[in-house]
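**Student:** kindly return the folded structure for what I paste below:
(chains A and B)
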Amino acid sequence: DAGVTQSPTHLIKTRGQQVTLRCSPKSGHDTVSWYQQALGQGPQFIFQYYEEEERQRGNFPDRFSGHQFPNYSSELNVNALLLGDSALYLCASSSLAGLSYNEQFFGPGTRLTVL
Amino acid sequence: GQQLNQSPQSMFIQEGEDVSMNCTSSSIFNTWLWYKQDPGEGPVLLIALYKAGELTSNGRLTAQFGITRKDSFLNISASIPSDVGIYFCAGPNDMRFGAGTRLTVKP
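**Tutor:** Got it, this is the predicted structure:
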């Protein structure tokens, strides 16, 4: 049973460019969340997708957008890249089952460097 | 977003020693979560706490949900080299993470 997978592993972009990161959730999971983790910091919540809709959003500008597909996989898009967008981007999946908390399983992340 | 206050930032200990770290928040939480992150990996959940005063163990790890619901503690007993990593506390539904405690264990 594959866990959460993310692609690509590493990515280098220049300022102003656009980037798309991809995530496949753990088998049986229907909810995907995205986090940004700057060097030396904890993950910061970007947004969460469930049933192909953005369910919750953290304090990130509209340059950060996402999508969830019918097979539950997800994409994170970042437009007009800034140097400060350089970070590890983590995807986490879980299963919404009406409980107060469902454990999230994290992928290994995509390391984005903006030059 | 709002950060949790996690301390210490880093710890250097000898193998076999016990470790204690904590996390505080300015707001009341109904869930506290503790994660460990190894280099090149995503965080892995260690312990989840759901009730004020709750004390939960997972092997050599013990975590407590503070009575005030604004803090939590994680203890590691008899540390071993594979305990090396970054430990994060997180609030409700993982929306807020602390900055992490980086643990180094010297053999």
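
**Student:** just give me the neighbour total for the closest residue to chain B within chain A.
**Tutor:** Across chain A, no residue is closer to chain B than A:Phe106, which sits at 2.8 Å (Cβ to the nearest Cβ). No exception for glycine: its C-beta is placed from N, CA and C like everyone else's. Residues near A:Phe106, counting by other Cβ atoms under 10 Å in any protein chain shown, number 25.

**Student:** please apply the same query to A:Gly58.
**Tutor:** Residues lying near A:Gly58 (other Cβ under 10 Å) number 17.

**Student:** and if you look at B:Tyr35?
**Tutor:** A count of nearby residues for B:Tyr35, using other Cβ under 10 Å, gives 26.

**Student:** ok, the one 5 residues further on next?
**Tutor:** Neighbourhood size, B:Gly40 [other Cβ under 10 Å]: 10.

**Student:** quick one: it and B:Thr24, what's the gap?
**Tutor:** As judged by Cβ to Cβ, to the nearest Å, B:Gly40 and B:Thr24 stand 29 Å apart.

**Student:** centre of the chain to stretch B:87-100, how far?
**Tutor:** 9 Å (Cα atoms, centre = their mean, to the nearest Å).

**Student:** so for that stretch, what gets flagged as buried?
**Tutor:** B:87-100 (16 or more other Cβ atoms under 10 Å in any protein chain shown).

**Student:** pLDDT on it, on average?
**Tutor:** What stretch B:87-100 shows for mean pLDDT is 87.

**Student:** and it, anywhere near chain A?
**Tutor:** Yes. Stretch B:87-100 reaches chain A (Cβ under 8 Å from any Cβ of the partner chain) through B:Phe88, B:Ala90, B:Pro92, B:Asn93, B:Asp94, B:Met95, B:Arg96, B:Phe97, B:Gly98, B:Ala99, B:Gly100.

**Student:** which of these sits closest to B:Gly16?
**Tutor:** Comparing the residues of stretch B:87-100 next to chain A against B:Gly16 with Cβ to Cβ places B:Gly100 closest, at 23.2 Å.

**Student:** the closest one touches B:Pro43, doesn't it?
**Tutor:** No. Using Cβ atoms under 8 Å, B:Gly100 makes no contact with B:Pro43, being 9.4 Å away.

**Student:** pull up the overlap in contacts between those two.
**Tutor:** Residues touching both B:Gly100 and B:Pro43 (Cβ atoms under 8 Å, 6 or more residues apart in numbering or on different chains) are B:Gln37, B:Phe88.

**Student:** before we move on, the earlier item: would CSV of the buried residues of stretch B:87-100 with secondary structure be doable?
**Tutor:** Listed next are these as CSV, based on DSSP: H, G, I helix; E, B strand; the rest coil:
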residue, secondary structure
B:Tyr87, strand
B:Phe88, strand
B:Cys89, strand
B:Ala90, strand
B:Gly91, coil
B:Pro92, helix
B:Asn93, helix
B:Asp94, helix
B:Met95, coil
B:Arg96, coil
B:Phe97, strand
B:Gly98, strand
B:Ala99, coil
B:Gly100, coil
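
**Student:** which member of these is positioned nearest A:Thr5?
**Tutor:** Looking across the buried residues of stretch B:87-100 and measuring by Cβ to Cβ, the closest to A:Thr5 is B:Asp94, at 19.2 Å.

**Student:** show me which residues of chain B sit near chain A.
**Tutor:** Contacts of chain B with chain A, taken as Cβ under 8 Å from any Cβ, map to B:1, B:3-4, B:6, B:30-31, B:33, B:40-45, B:48, B:50, B:88, B:90, B:92-100.
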